[in-house]
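J.: no letters, just coordinates:
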């Protein structure tokens, strides 16, 4: 299979910064601990997929003290997200990734359903299609796969809303690119989402 670069977007899993919508339930430390577990889970899935290089695109810089003590496997490349809104940062990272690899999968760390088989499935779809998207139940997407780049997929997008995935699909269609739509996935962002976590993950609510 042609190598596919996996690009993981993540911010430092620190208290008060990570999983902020879960702080009322888990507390700052608990939310950060969950963010670290989800980051580790995503990194494991990306490496286990064995479809190509894995790059962790971080905010702030990996040299910042907020990343101290966070284990990142040595085989994972790291890069900075840079400045601008989420769209600008994703656009820049996508353009750089596609300059290195013929295809790229952009993922975050919020979807615990992200596993090696799913990533291999998405990479396989990119052998026949220009793009692939796996939407989430909240209207965003957990994975966007590209073999081509256009800033129009990321600019002037109202992020963190229920229309992101649908609007991205519309923009892909306008470009005339072929598209594979994968299964619906789920992010863990709100208290109600905690039921999606694997049963072996022990998550303690704040008291």
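T.: Received it, and whenever you're ready, just let me know what you need. Just so it is clear, the model here is predicted, and its values are computed rather than measured.
J.: what sits closest to residue 140 if chain neighbours are left out?
T.: residue 164 (4.6 Å; Cβ to Cβ, 6 or more residues apart in numbering). In short, each C-beta sits where N, CA and C put it, glycine included.
J.: who are the contact partners of that neighbour?
T.: Counting by Cβ atoms under 8 Å, 6 or more residues apart in numbering, residue 164 touches 139-141, 157-158.
J.: please name the residues that touch residue 36.
T.: So residue 36 contacts 13, 18, 70 (Cβ under 8 Å, 6+ apart).
J.: hmm, 7 Å instead?
T.: Neighbour list for residue 36: 13, 70 [criterion: Cβ atoms under 7 Å, 6 or more residues apart in numbering].
J.: that one and residue 113: what is the separation?
T.: Note on residue 36: its distance to residue 113, by Cβ to Cβ, to the nearest Å, is 18 Å.
J.: can you report phi and psi for the residue at minimal distance from the centre of the chain?
T.: Closest to where the C-alpha atoms of the chain average out (Cα atoms, centre = their mean) is residue 108, at 1.5 Å. Dihedral pair for residue 108: phi -110, psi -160, per degrees, to the nearest 10.
J.: just give the nearest non-adjacent residue to it, would you?
T.: residue 9 (5.1 Å).
J.: need the pLDDT of that neighbour.
T.: In this model, residue 9 is scored at 97, pLDDT.
J.: do the same with residue 83
T.: pLDDT at residue 83 comes out at 88.
J.: what is the nearest of the contacts of residue 164 to residue 27?
T.: residue 140 (25.2 Å; Cβ to Cβ).
J.: could you give the number of residues near the closest one?
T.: 21 (other Cβ atoms under 10 Å).
J.: return the set of buried residues in the lengthiest helix in the chain.
T.: Ranked by residue count under DSSP state H, the longest helix found in the chain is helix 23-49. Buried residues in helix 23-49, counted by 16 or more other Cβ atoms under 10 Å: 23, 25-28, 30-43, 45-46, 49.
J.: alright, calling it a day.
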